[in-house]
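*Asks:* Give the three-dimensional model of this entry:
(one chain, ligands or ions: 1)
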Amino acid sequence: MIQVAVMGYGTVGSGVVEVIEKNKEEINKKSGEDIEIKYILDLREFPGDPYENKVVHDVEQILNDQDVKIICETMGGIKPAYDFTKRALLAGKSVCTSNKELVATHGPELIRIAHENKCNYLFEASVGGGIPIIRPLNYSLTAEKVDAITGILNGTTNYILSKMEKEGAGFEETLKEAQEKGYAERNPEADVEGYDACRKIAILSSLMCGKNVKYQDIYTEGITKITEADFVYAHACGKTIKLLARSWEDKDGSFYAMVAPFMISKTHPLFMVNGVFNAVCVHGNMLGDSMYYGRGAGKLPTASAVVSDVVDCARHIGKVIMCFWDAEDVALTGIEEAKRRFFVRVSTEKESKALQVFEQASVIEADVPGEFAFITEEMTEKEFNKKAEETGIISRIRIEE
Ligand code: HSE
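*Replies:* Sure thing, here's the model as predicted:
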């Protein structure tokens with residue numbers, strides 16, 4: 001029997017309890033031992049809940065109980081999750097988490113503490129919800145040099161962009177509707193400004209290079225400036241717009257990471273990823289592209305990923321599961337050095353100036369009054385910014401080939 005505690009009985013925490021209960025047989029068989037929930041930590045009472053008698057309010061009860069071997073941290077945020085996690089790991093208890101903020105901020109330290117104490121800090125649920133992506137990077141793609149990761153890592157923004165595309169609607173009205181339907185938070189900033197995707201790509205980028213990619217260093221641009229006219233142009237040239245979280249290593253060893261809206265064409269593997277779904281495309285130097293697709297959020301998908309970590313921890317009691325993520329910070333190359341093409345909108349008065357400054361522009365024919373739009377040739381962001389300033393543009397969207 002392996003005893004487990006759940007810290008935080010909110011959406012994901014209650015999902016963890018539900019998954020362990022519903023799939024008891026499967027989980028126990030795969031763990032090699034029976035998994036039992038001993039405690040649920042939460043500040044609140046849950047009268048009438050079937051697990052009411054397992055609810056405790058004092059973390060010490062869990063940390064001081066020698067029988068608890070695995071903890072699911074589903075509290076979210078840094079405080080007090082960081083302190084609780086650190087103390088649990090120092091006590092030799094493995095921790096499985098869905099807390100991307102904590103993983104992105106303190107991942108390497110918590111992994112090191114876990115390994116020093118012969119236990120594990122696992123975080124499959126922190127990126128892509130229920131999609132297996134951490135385990136493939138850590139275990140399955142070990143023969144590869146992964147040189148690029150491109151993901152749609154935020155369900156809220158993907159839902160909004162998909163809806164704008166389908167219905168020709170604007171950002172504000174689509175966000176409002178998404179909030180009414182419960183697909184977007186009342187405070188949507190972390191999602192729509194790209195901060196959530198930024199934490200997630202920081203985690204994936206760190207696993208890609210084995211060092212620490214600080215989320216604070218990642219260039220992040222959200223979707224708030226995308227308009228219905230952008231989709232009119234995207235359609236006219238057989239493309240769509242997605243919020244992509246990307247990291248890649250150039251042949252010269254430069255390492256880049258960024259989050260921004262990109263125009264992608266029909267042939268791109270992420271083109272068909274719509275609604276609340278997430279997907280991650282991993283490029284390895286031997287395998288080429290592989291893609292991981294599924295539900296990136298939600299109670300049961302996220303809980304399923306947390307419980308898959310519980311099973312892994314149960315199979316490795318007293319043993320370390322390797323994870324290469326050193327504390328050494330990676331010096332990211334500034335995105336101004338990255339080369340790509342750009343989609344550009346200018347007012348009709350600027351047409352000749354734009355064609356003069358951007359010498360090899362491919363014009364997009366679309367029915368947007370008062371505007372002229374085109375796609376540039378490939379150039380660095382630095383070159384583009386200079387030309388854009390000289391011309392005076394309405395907006396631009398990067399193109400991902
Ligand atoms: N707000 C996140 C999303 C939830 O929309 O994808 C999962 O991290």
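*Asks:* When you work out contacts or count neighbours from here on, use the C-alpha atoms and nothing else.
*Replies:* OK.
*Asks:* So which bits of the stretch 101-250 of the chain are right by the ligand?
*Replies:* The stretch 101-250 of the chain comes close to the ligand at residues Asn154, Gly155, Thr156, Asp191, as judged by Cα under 6 Å from any ligand atom.
*Asks:* And the furthest pair within these?
*Replies:* Within those, two members stand farthest from each other by Cα to Cα: Gly155 and Asp191, at 8.5 Å.
*Asks:* List the contacts of the residue in the stretch 251-400 of the chain positioned nearest to the ligand.
*Replies:* The stretch 251-400 of the chain approaches the ligand most closely through Ala297 (4.4 Å), counting by Cα to the nearest ligand atom. By Cα atoms under 8 Å, 6 or more residues apart in numbering, the contact list for Ala297 reads Gly128, Gly129, Gly130, Gly155, Val276.
*Asks:* if we go to 10 Å?
*Replies:* 12, 125-131, 153-156, 276-278, 303 (Cα atoms under 10 Å, 6 or more residues apart in numbering).
*Asks:* Which neighbours do Gly155 and Asp191 have in common?
*Replies:* With Cα under 10 Å, 6+ apart, Gly155 and Asp191 have common neighbours Ala184, Ala197.
*Asks:* Of those two, which one has the most company?
*Replies:* Gly155 (26 against 21; other Cα atoms under 10 Å).
*Asks:* and the more buried one, what are its phi and psi?
*Replies:* phi -70, psi -40 (degrees, to the nearest 10).
*Asks:* Just confirm it contacts Tyr183, I think it does.
*Replies:* Yes - between Gly155 and Tyr183 a contact is recorded at 8.4 Å, counting by Cα atoms under 10 Å.
*Asks:* who touches both of the two?
*Replies:* By Cα under 10 Å, 6+ apart, Gly155 and Tyr183 have these common neighbours: Gly275, Val276, Gly298.
*Asks:* which of those residues has the most neighbours?
*Replies:* Busiest of these [other Cα under 10 Å] is Val276, holding 21 neighbours.
*Asks:* per-residue pLDDT, the residue nearest the centre of the chain?
*Replies:* For the chain, the residue nearest the mean C-alpha position is Lys200 (3.3 Å; Cα atoms, centre = their mean). With respect to pLDDT, Lys200 has a value of 98.
*Asks:* Can you name the helix or strand that it falls in?
*Replies:* Assigned by DSSP states H and E, Lys200 falls within helix 195-209.
*Asks:* which parts of that helix are buried?
*Replies:* 195-209 (16 or more other Cα atoms under 10 Å).
*Asks:* again, but for stretch 81-95
*Replies:* Quick answer for stretch 81-95 (16+ other Cα under 10 Å): 81-82, 84-86, 88-95.
*Asks:* Out of those residues, which sit inside strands?
*Replies:* Under the assignment DSSP state E, the buried residues of stretch 81-95 contribute Ser94, Val95 to strands.
*Asks:* In JSON lines: the buried residues of stretch 81-95, plus distance to Ala234.
*Replies:* Formatted as JSON lines, those follow (distance: Cα to Cα, whole Å):
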{"residue": "Ala81", "distance to Ala234": "43"}
{"residue": "Tyr82", "distance to Ala234": "43"}
{"residue": "Phe84", "distance to Ala234": "47"}
{"residue": "Thr85", "distance to Ala234": "45"}
{"residue": "Lys86", "distance to Ala234": "47"}
{"residue": "Ala88", "distance to Ala234": "50"}
{"residue": "Leu89", "distance to Ala234": "49"}
{"residue": "Leu90", "distance to Ala234": "52"}
{"residue": "Ala91", "distance to Ala234": "54"}
{"residue": "Gly92", "distance to Ala234": "53"}
{"residue": "Lys93", "distance to Ala234": "51"}
{"residue": "Ser94", "distance to Ala234": "47"}
{"residue": "Val95", "distance to Ala234": "44"}
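*Asks:* Most widely separated two among the buried residues of stretch 81-95?
*Replies:* Across these, no pair lies farther apart than Ala81 and Gly92, at 16.5 Å, counting by Cα to Cα.
*Asks:* what's the nearest residue to Ala354 if we skip its chain neighbours?
*Replies:* Nearest residue to Ala354, sequence neighbours excluded (Cα to Cα, 6 or more residues apart in numbering): Thr391, at 5.7 Å.
*Asks:* confidence score at that neighbour?
*Replies:* Confidence at Thr391, expressed as pLDDT, is 98.
*Asks:* Same question for Lys181.
*Replies:* Lys181 is given a pLDDT of 89.
*Asks:* before we move on, what about Ile335?
*Replies:* So Ile335 comes in at 97 (pLDDT).
*Asks:* Correct me if wrong: it contacts Lys382.
*Replies:* Yes - shown here, Ile335 and Lys382 form a contact pair, counting by Cα under 10 Å, at 8.5 Å.
*Asks:* ok so, going back, want to throw the buried residues of stretch 81-95 into CSV with distance to the ligand?
*Replies:* Listed next are the buried residues of stretch 81-95 as CSV, based on distance: Cα to the nearest ligand atom, whole Å:
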residue, distance to the ligand
Ala81, 17
Tyr82, 18
Phe84, 21
Thr85, 19
Lys86, 22
Ala88, 24
Leu89, 24
Leu90, 27
Ala91, 28
Gly92, 28
Lys93, 25
Ser94, 22
Val95, 18
